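**Q** No sequence on hand, only this structure:
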């Protein structure tokens, strides 16, 4: 570096300038975002905040028995207690951490698996593509929720197996969309140029193709995250998802479901927590989709 | 022919058009005037971005999406089109003003037969009944020398060739016998041998029906054949306008002179290097895309020597690009072999060593798709440096700057940009730099200039020539443009339907006696002489008569 000092010094400068302009662009983008997207972003940030700082926000411990069962809303227990006498608000806050956290990990894992295999199928083609695509077809032919329940009852209902199984099933959908968008990029001359240069598969996948397909994949990520999240909640409601005493919104609905017959709406609160996040994420995804597809309108 | 005594048909004065981009309006046509009389053809020429097409459609009172006519007047036969109502303009379009687009393939509706699309306009404008229109179509198809004029109209667009489709579109434009036809680069997408036929048809038809026409093109030789008067445009402004012959022989403006001079570029001649082993030897290659199918290359056999430029010419589908794919190893041949520097190369690129891959580099036709839009120029050119030569850090930085200087781009300005921040010619230079970064001995140039404007293309050719002198490179130049071949080649290979029909030094191939196909190809390349087309057509007809008499 010492023999070539001037350019080396220039570099951080230009980087900093680019960084600053990028930050400005992001801020401008956020200000110009439609109201629905702003709302969605606020919702997401609130959830993230709650999930991160759960132990400090929550009045009690996650599975602490603090009162009698089914206590009504009041000063001591803001949202009452559940069927075992645990504080509902506390469990709701911890539920954000567990449900959202597990859903996020599952989605990331599904994207890693489905995305990489999808690009590989598109780049390599031939038998590899046939084999992967047919396996995916078979997996997709079985209704996802029933298949997940079947596998969970075989492998047990631990958190890792929950993540692996739901991730695998969702990866099939991601595989298909990644393969489809990659096929459009694979035919580009710059991919041919990379192949002729002698580049290996990982480079072509990560450096040549991935940047070109990241926009549709990011949009897909938002939608997938909601689905995974709903699947986990549904499975928990059915007793096959996140196991007690871990707090989770799906099983909270089930645990307190009896109350609905007494005109107590407590079970609807964890359900609403699920619904609000789903809608919030979808608002943001819609905006993102509009942004990326709107590129063409601007060119005209 | 003095045009001023003919009736004035179109009068455009101080035309101004704005386009919307990056959140504001930019002026793209800045006050252009011209007049057009009945039976007259006006040629509009200029580079891309000069506003040719925009002015062309403005003559119909139309502005492309995102554009608006913001000043001046367009008077068609007394009617002011800039203020006319949509309904008034609708009455004119198709009936009295017709438009022929560059890509007939993209402009026809693929789901309807040609003759139905022909009749639609006629019936819609109440010019005649469907039956009359269809009878007229057959007559016109015959006039423009379409094969089987009585039945060809009943085919779908994909069932006829590109040249025929372009002629069918010209016929369609004539369906209501318009007073004015706007031709927007109607032959740019065609092979030269097809182009001459379409050009002759258009000229013939326009004269027969005393139609006025605006002919838009970037090809000077074509406009020389077609136009009575030529108007040169640049950046949305008029550079100069005059009668075709005056314009060709005595251009006034420097810009026009530079356009005319493009075709004068000739590569630096140098004595061939005597050697025993050719750099590249392609031995009896036969190849097909699907095993068992008819081969697309048959017994292709040639050599390329060091510091030599070999041009491969032929129409689309003649196997030029397939030859390149075989050499690069993308398409392993069914028979024959590729020998590089005395060593046989594995047929499949995946079996070739890094050294072998490094020796053969490729430059593509479309620079847009040949470089990754998501990588910085620094990374695009830098990758071969670290991949093949193991360069990193300051050594790589130094080399990057050298390469940028070689391709005449300022490293400080361009290294950190993304491809979309570059012009078409600059992108092609980046492709050249990427090829050079590998220190190759041999570069395949696949139609590298055909997507570029002539001035820019000439810059690229000069650059390639200079690099050949400096770096002792050998080029294989794939092109359908014979002007490029004349400019840059040492030897020429003529291909037809997957076979080599003729090969040899440029002067030999380009001077008689020719192979029959070479003759056809050569004689179809438009020349700047305005009488060229008539002469060639007359010669061909005479030859045809002699042959039929002989038979």
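**A** That came in fine, so what should we check first? From a predicted model like this one, the values you see are computed outputs, not experimental measurements. Residues are numbered from 1 along each chain as shown, chains lettered A, B, ... in the order given.

**Q** Need the residues that contact stretch B:132-152.
**A** For stretch B:132-152, contacts defined as C-beta atoms under 8 Å, 6 or more residues apart in numbering or on different chains pick out B:114-115, B:118-119, B:122-123, B:127-128, B:153, B:160, B:164, B:167-168, B:170-171, B:174-175, B:197, B:201, B:204-205, B:208. To be clear about C-beta, it is placed using only N, CA and C from the backbone, and glycine gets the same treatment.

**Q** Buried members of those into PyMOL, please.
**A** In PyMOL syntax, the buried subset of the contacts of stretch B:132-152 is picked out as below (16 or more other C-beta atoms under 10 Å in any protein chain shown):
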select buried, chain B and resi 114+115+118+119+122+127+128+153+160+164+167+168+170+171+174+175+197+201+205
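
**Q** From the contacts of stretch B:132-152, which land in helices?
**A** Mapping the contacts of stretch B:132-152 onto helices (DSSP state H) picks out B:114-115, B:118-119, B:122-123, B:164, B:167-168, B:170-171, B:174, B:197, B:201, B:204-205, B:208.

**Q** residues near residue B:98, how many?
**A** 26 (other C-beta atoms under 10 Å in any protein chain shown).

**Q** can you pull the contacts of the spatially closest residue to it that is not a sequence neighbour?
**A** Among residues not flanking residue B:98 along the chain, residue B:173 sits closest, at 3.7 Å (C-beta to C-beta, 6 or more residues apart in numbering or on different chains). Contacts for residue B:173 were tallied using C-beta under 8 Å, 6+ apart; they are B:98, B:99, B:100, B:181.

**Q** Tell me the buried residues within the residues you listed.
**A** Buried among these by 16+ other C-beta under 10 Å: B:98, B:99, B:100, B:181.

**Q** Sort out for me which of the residues you listed are in helices.
**A** Per DSSP H, helices hold no members of those.

**Q** per-residue confidence for residue B:261?
**A** pLDDT for residue B:261: 69.

**Q** ugh, typo on my part, it should be residue A:183
**A** Note for residue A:183: predicted pLDDT of 90.

**Q** list the contacts for the residue nearest to it when sequence neighbours are not counted?
**A** Among residues not flanking residue A:183 along the chain, residue A:122 sits closest, at 4.9 Å (C-beta to C-beta, 6+ apart). Contact analysis of residue A:122 by C-beta under 8 Å, 6+ apart lists A:129, A:178, A:179, A:182, A:183, A:185, A:186, A:209.

**Q** For the contacts of residue B:173, give me CSV that also has pLDDT and distance to residue B:490.
**A** CSV is the format used below for those (pLDDT from 0 to 100; distance: C-beta to C-beta, whole Å):
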residue, pLDDT, distance to residue B:490
B:98, 90, 46
B:99, 90, 43
B:100, 88, 39
B:181, 91, 43
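
**Q** Please report the distance of the residue nearest to residue B:98 from residue B:148.
**A** Distance, residue B:173 to residue B:148, by C-beta to C-beta, to the nearest Å: 21 Å.

**Q** Over to residue A:50?
**A** Taken as C-beta to C-beta, the span from residue A:50 to residue B:148 is 76 Å.

**Q** neighbour count winner among these two?
**A** A side-by-side neighbour count of residue A:50 and residue B:148, using other C-beta under 10 Å, places residue A:50 first with 19 against 12.

**Q** Wait, that one touches residue A:93, no?
**A** Yes - the criterion here is C-beta atoms under 8 Å, and residue A:50 meets it with residue A:93 at 5.8 Å.

**Q** joint contacts of the two?
**A** Shared contacts of residue A:50 and residue A:93 (C-beta under 8 Å, 6+ apart): residue A:57.

**Q** Enumerate every residue touching the most centrally placed residue in chain A.
**A** Nearest to the mean C-alpha position of chain A, by C-alpha atoms, centre = their mean, lies residue A:225 at 3.1 Å. Contact analysis of residue A:225 by C-beta under 8 Å, 6+ apart lists A:103, A:104, A:107, A:281.

**Q** Repeat that for residue A:270.
**A** Residues counted as contacts of residue A:270 (C-beta under 8 Å, 6+ apart) are A:92, A:95, A:249, A:250, A:252, A:253.

**Q** Could you measure from it over to chain B?
**A** Per C-beta to the nearest C-beta, to the nearest Å, residue A:270 is found 42 Å from chain B.

**Q** Now do residue A:192 against chain B, distance only.
**A** Applying C-beta to the nearest C-beta to residue A:192 and chain B gives a distance of 7 Å.

**Q** Does that residue touch residue B:325 like I think?
**A** No - with contact defined as C-beta under 8 Å, residue A:192 does not count as touching residue B:325 (9.5 Å).

**Q** More neighbours: these two, which one.
**A** Set side by side, residue A:192 and residue B:325 show more neighbours around residue B:325, with 22 against 19, by other C-beta under 10 Å.

**Q** Chain neighbours aside, what residue packs nearest to that one?
**A** Nearest non-adjacent residue to residue B:325, counting by C-beta to C-beta, 6+ apart: residue B:331, 4.1 Å away.

**Q** What of residue A:244?
**A** The shortest distance from residue A:244 to any non-neighbouring residue, by C-beta to C-beta, 6+ apart, is to residue A:251 (6.7 Å).

**Q** do you know how far that neighbour is from residue A:146?
**A** According to C-beta to C-beta, residue A:251 and residue A:146 sit 19 Å apart.

**Q** got it, and residue A:264?
**A** Using C-beta to C-beta, residue A:264 is found at 32 Å from residue A:146.

**Q** These two - which one has more neighbours?
**A** Neighbour count, other C-beta under 10 Å: between residue A:264 and residue A:146, residue A:264 has more, with 15 against 9.

**Q** Hmm, the more buried one is touching residue A:72, no?
**A** Yes - using C-beta under 8 Å, residue A:264 is in contact with residue A:72, at 7.4 Å.

**Q** and residue B:231, which of the three is it?
**A** Following DSSP: H, G, I helix; E, B strand; the rest coil, the label given to residue B:231 is strand.

**Q** For it, name its beta-bridge partners.
**A** Note on residue B:231: beta-bridge partners by DSSP bridges are residue B:44, residue B:241.

**Q** Report pLDDT for residue 150.
**A** If you meant another chain, say so; for now it's chain A. 91.

**Q** The chain in question should be chain B.
**A** If you check residue B:150, the pLDDT there is 87.

**Q** Let me know the helix or strand that it is in.
**A** Counting by DSSP states H and E, residue B:150 is held by no secondary-structure element, helix or strand.

**Q** related to what we said a few turns ago, tell me which of the contacts of residue B:173 is nearest to chain A?
**A** Comparing the contacts of residue B:173 against chain A with C-beta to the nearest C-beta places residue B:99 closest, at 19.2 Å.

**Q** ok, now how distant is the nearest residue to that closest one once chain neighbours are set aside from residue B:38?
**A** The shortest distance from residue B:99 to any non-neighbouring residue, by C-beta to C-beta, 6+ apart, is to residue B:182 (4.9 Å). From residue B:182 across to residue B:38, the span is 15 Å (C-beta to C-beta).

**Q** still on that earlier bit, among the contacts of residue B:173, name the ones in strands.
**A** Among these, the members found in strands (DSSP state E) are B:98, B:99, B:100, B:181.

**Q** dump the residue contacts of the third one.
**A** Going back to what we said before, that points to residue B:100. Taking C-beta under 8 Å, 6+ apart as the criterion, residue B:100 is in contact with B:166, B:169, B:170, B:173, B:181, B:182, B:183, B:184, B:186.

**Q** and the nearest residue in space to residue B:425 that is not next to it in sequence, what does it touch?
**A** Among residues not flanking residue B:425 along the chain, residue B:456 sits closest, at 3.7 Å (C-beta to C-beta, 6+ apart). By C-beta under 8 Å, 6+ apart, the contact list for residue B:456 reads B:47, B:423, B:424, B:425.
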